[in-house]
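Asker: Fold the following.
(chains A and B)
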There are 2 protein chains.
Amino acid sequence: MKTGVIGLGAMGAPMALNLHKAGHLCGVWNRTRARAEDLAAQTGVPVAEGPVTLANQADFLITCVSRDSDLKEVVEAFIPGIHPGLVVADTSTVSANTAREVAQLLESKGAGFLDCPVSGGVEGAKNARLAMMVGGKAEVLERVKGVLSALAATIVHMGPTGSGQATKAVNQIMAAGINQAVTEALAFGEAMGLDMDKVIEVVGSGAAANWFLSHRGKTMLAGQFAPGFKIALHHKDLLICHAMATSKGMPLPVTEMTLNQYAELMNKGHGEEDISALFRIKHRG
Amino acid sequence: MKTGVIGLGAMGAPMALNLHKAGHLCGVWNRTRARAEDLAAQTGVPVAEGPVTLANQADFLITCVSRDSDLKEVVEAFIPGIHPGLVVADTSTVSANTAREVAQLLESKGAGFLDCPVSGGVEGAKNARLAMMVGGKAEVLERVKGVLSALAATIVHMGPTGSGQATKAVNQIMAAGINQAVTEALAFGEAMGLDMDKVIEVVGSGAAANWFLSHRGKTMLAGQFAPGFKIALHHKDLLICHAMATSKGMPLPVTEMTLNQYAELMNKGHGEEDISALFRIKHRG
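Answerer: Just a heads-up that it's a prediction; the model follows:
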């Protein structure tokens, strides 16, 4: 299935590479052209002249951008290239409302749309082991599931448009709490003078085991905060979650604590670091 | 190696069963005698007349009790039975200070001592997949490691006496934060009207994956809070952690929030429920 990728950032670029390995990639486009050229150099797959050309050539378009406004912009940009049968899957993390707006717009032009946010970090994107939470029509998902399997080890159809993004909101709230849990506990262990490599090994083998400890524990303790997943993006996601919860009259105390601490880190110039840089705050105690 | 077990609660009983399967168990004792008789009926291994008799018969004594005071009491009780070469390993969760006191007392009587707290839940105790964090002399651990392997998939020597318990404190702080993360996120997902079985599947396959979600997510959502690990015991452990942190001038905001919420649940009669009953508070939003 001829598949185009728009958005070649930390997640989009390795996803495009995996689509190429599986023989699906027909073209790429990125706002910053250098990134698209890098990918073209690695794969031999051409950089599209623009979003319209790519939409025209492809049977399946995958978008992977950072913000709601980026998604709306890029969708507006490729609309003239839409043709009957085109399916668009957005792997970005945006609000469920934005997913529904974009779906309505694309469906009115004859394209199918899925909200397909992913979890699993850059590691998951690189080794094609992402978890994908999908909202939209089941029959549209069936048409592209084979291609998505080149990216994700787990693909779950959550329900109608927007339910993929609502599930991603659950994921982002949980990730915030786990960040709090791991940073608070490891800062404590360091203050106790423990051998922290051993702490990570043994705590990671019991009932407190979690992905974040296994994948970010050692780098955190070494003061290495290269992303990974940027604080500024998680902050943006948690604002969406907070607004969704507020509309249901629901408090999210751990999420609120995390929002405040991320804001503090962003003010100090750490917004482009990995979310494990929350350790900077815990560690000062 | 003739091994006796003192303390046959939710963790101690399955541990004793696994020692029996491996051919090590020579006797058991429990303050509430009925539990010891249950285990004797299951295994054919005799209930010891008392702690002194058991210490006398055994080369290796494993204790598994709930509180610092229980451990000190039971150690005082078996002291007359100590003989040269006896090793005592305590798998309870107590303070590092209590571990050091008990070690000093036992070593002065000629016995070896290891603090060996465990993680992995009742599931880990039952299927012999515990993670064991060991403090004490390396040569003492070497003598009993073969027996401990019948209980634990991971055995890590953390350092001198007390460092096992300090590591368990890290584990308990992390477990508190993860409980916050999972309960807050799942309550949000439920409020959003999502299919929660699917949420657990897909979120548990990405970067927010954790043991607690996999093992307590479904029961929590079903309002089933049979322990597992009791709120009152985690509360007791977190008080120890909090005191240790305070002595280093270190704040533990997520732990403090959890202590307050556990106290609220205990006041309402939920102290004997599993820690996942924290969901009761999150869910009311």
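Asker: mind showing which ranges of chain A have poor pLDDT?
Answerer: A:284-285 (pLDDT under 70).
Asker: Show me what from the stretch 1-150 of chain A comes close to chain B.
Answerer: A:Val118, A:Ser119, A:Gly120, A:Gly121, A:Gly124, A:Leu130, A:Ala131, A:Met132, A:Met133 (Cβ under 8 Å from any Cβ of the partner chain). The C-beta positions use only the backbone N, C-alpha and C, and glycine is treated the same way.
Asker: Skip the chain neighbours and tell me the closest residue to the fourth one.
Answerer: Translated: A:Gly121. Leaving aside its chain neighbours, A:Gly121 sits nearest to B:Ala207 (4.6 Å; criterion: Cβ to Cβ, 6 or more residues apart in numbering or on different chains).
Asker: Test my guess that the one you found contacts A:Pro117.
Answerer: No: look at B:Ala207 against A:Pro117 with Cβ atoms under 8 Å: they stay out of range, at 11.8 Å.
Asker: any common contacting residues for those two?
Answerer: Among the neighbours of B:Ala207, those also in contact with A:Pro117 (Cβ atoms under 8 Å, 6 or more residues apart in numbering or on different chains) are A:Asn171.
Asker: on that earlier part again, now, among the residues of the stretch 1-150 of chain A next to chain B, which is nearest to A:Ala10?
Answerer: A:Gly121 (9.3 Å; Cβ to Cβ).
Asker: list the contacts for that closest one?
Answerer: So A:Gly121 contacts A:Trp211, A:His215, A:Gly228, A:Phe229, B:Gly206, B:Ala207 (Cβ under 8 Å, 6+ apart).
Asker: Can you tell me which of those end up in helices?
Answerer: A:Trp211, A:His215 (DSSP state H).
Asker: right, and the pair among the contacts of A:Gly121 with maximum separation?
Answerer: A:Gly228 and B:Gly206 (13.8 Å).
Asker: Which residue of the two possesses the greater neighbour count?
Answerer: Ranked by neighbour count (other Cβ atoms under 10 Å in any protein chain shown), A:Gly228 and B:Gly206 place B:Gly206 first, with 26 against 20.
Asker: how many other residues sit next to the closest residue to that one other than its chain neighbours?
Answerer: Using Cβ to Cβ, 6+ apart and skipping residues adjacent in sequence, the residue nearest B:Gly206 is A:Ser119, 2.6 Å away. As a burial measure, A:Ser119 scores 28 neighbours (other Cβ under 10 Å).
Asker: wait, isn't A:Ser119 in contact with B:Gly204?
Answerer: No: with contact defined as Cβ under 8 Å, A:Ser119 does not count as touching B:Gly204 (9.8 Å).
Asker: biggest strand in chain A, by residue count?
Answerer: In chain A, assigned by DSSP state E, the strand with the most residues is strand A:152-159.
Asker: for that one, packing partners?
Answerer: Contact here means 3 or more Cβ pairs under 8 Å, 6 or more residues apart in numbering or on different chains; DSSP states H and E; on that basis strand A:152-159 packs against strand A:130-135, helix A:138-148, helix A:163-191, helix B:196-203.
Asker: which residues are contacting it?
Answerer: A:118, A:120, A:128-135, A:138, A:141, A:145, A:148-149, A:164, A:166-167, B:194-195, B:198-199, B:201-202, B:205-206.
Asker: Stretch A:230-250 too?
Answerer: With Cβ under 8 Å, 6+ apart as the criterion, stretch A:230-250 contacts A:66-67, A:93-96, A:166, A:168-169, A:172-173, A:175-176, A:251-252, A:255-256, A:258-259, A:262-263, A:265-266, A:270-275, A:277-278, B:187-188, B:191-192, B:285.
Asker: returning to what we had before: next, give phi and psi for the residue nearest to B:Gly206.
Answerer: phi -140, psi 150 (degrees, to the nearest 10).
Asker: Just list whatever residues bridge to it.
Answerer: A:Ala131 (DSSP bridges).
Asker: residue ranges of the helices in the stretch 1-150 of chain A, please?
Answerer: Here the stretch 1-150 of chain A has its helices, by DSSP state H, counting those that start in this stretch, at A:12-21, A:33-43, A:51-57, A:68-78, A:96-108, A:121-126, A:138-148.
Asker: Out of these, the one nearest B:Gln224 is which?
Answerer: helix A:96-108 (29.6 Å).
Asker: Could you list every helix and strand in contact with that closest one?
Answerer: Using 3+ Cβ pairs under 8 Å, 6+ apart, helix A:96-108 sits against helix A:68-78, strand A:87-90, strand A:112-115, helix A:163-191.
Asker: Redo those as TSV? Include mean neighbour count.
Answerer: Shown next, in TSV, are those (neighbours: other Cβ atoms under 10 Å in any protein chain shown):
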stretch	mean neighbour count
helix A:68-78	19
strand A:87-90	26
strand A:112-115	26
helix A:163-191	28
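Asker: Make TSV out of these and add distance to A:Thr154.
Answerer: Formatted as TSV, the helices and strands packed on helix A:96-108 follow (distance: least, Cβ to Cβ, whole Å):
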stretch	distance to A:Thr154
helix A:68-78	23
strand A:87-90	15
strand A:112-115	15
helix A:163-191	12
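Asker: my read: A:Thr219 touches A:Pro227, true?
Answerer: No: here A:Thr219 does not reach A:Pro227: they are 10.8 Å apart, not a contact under Cβ under 8 Å.
Asker: Between those two, which is the more surrounded one?
Answerer: Neighbour comparison, A:Thr219 and A:Pro227: the larger count goes to A:Pro227, with 18 against 15 (by other Cβ under 10 Å).
Asker: Now do the contacts for the spatially closest residue to that one that is not a sequence neighbour.
Answerer: Nearest residue to A:Pro227 in three dimensions, chain neighbours excluded: A:Asp274, at 4.4 Å (Cβ to Cβ, 6+ apart). Listed by Cβ under 8 Å, 6+ apart, the contact partners of A:Asp274 are A:Arg216, A:Thr219, A:Phe225, A:Ala226, A:Pro227, A:Gly228, A:Phe229, A:Lys230, A:Ile231.
Asker: measure A:Asp274 to A:Pro117 for me?
Answerer: Noted for A:Asp274: a distance of 19 Å to A:Pro117, by Cβ to Cβ, to the nearest Å.
Asker: and which of the contacts of A:Asp274 is nearest to B:Val45?
Answerer: A:Arg216 (44.9 Å).
Asker: give me the number of residues near the closest one?
Answerer: Neighbours of A:Arg216 (other Cβ under 10 Å): 28.
Asker: likewise A:Arg67?
Answerer: 15.
Asker: And the closest residue to it other than its chain neighbours, how far from A:Ala22?
Answerer: With Cβ to Cβ, 6+ apart as the criterion, A:Arg67 has its nearest non-adjacent residue at 6.5 Å, and that residue is A:Lys236. Per Cβ to Cβ, A:Lys236 is found 31 Å from A:Ala22.
Asker: and if you look at A:Ala207?
Answerer: 37 Å.
Asker: Of these two, which one has the most company?
Answerer: A:Ala207 (27 against 16).
Asker: wait, isn't that one in contact with B:Gln172?
Answerer: No: A:Ala207 lies out of contact with B:Gln172 (Cβ under 8 Å); the separation is 9.8 Å.
Asker: what sits against the nearest residue to A:Ile173 once chain neighbours are set aside?
Answerer: What sits nearest to A:Ile173 in space, not counting adjacent residues and going by Cβ to Cβ, 6+ apart, is B:Ala185, at 4.2 Å. Contacts for B:Ala185 were tallied using Cβ under 8 Å, 6+ apart; they are A:Val170, A:Asn171, A:Ile173, A:Met174, A:Gly177, B:Val203, B:Ala208.
Asker: can you check A:Arg100 too?
Answerer: Taking Cβ under 8 Å, 6+ apart as the test, what A:Arg100 contacts is A:Thr161, A:Gly162.
Asker: Can you tell me how far it is from chain B?
Answerer: Taking Cβ to the nearest Cβ, to the nearest Å as the measure, A:Arg100 falls 14 Å from chain B.
Asker: Likewise for A:Ala103?
Answerer: Applying Cβ to the nearest Cβ to A:Ala103 and chain B gives a distance of 17 Å.
Asker: Right, I'll call it a day here.
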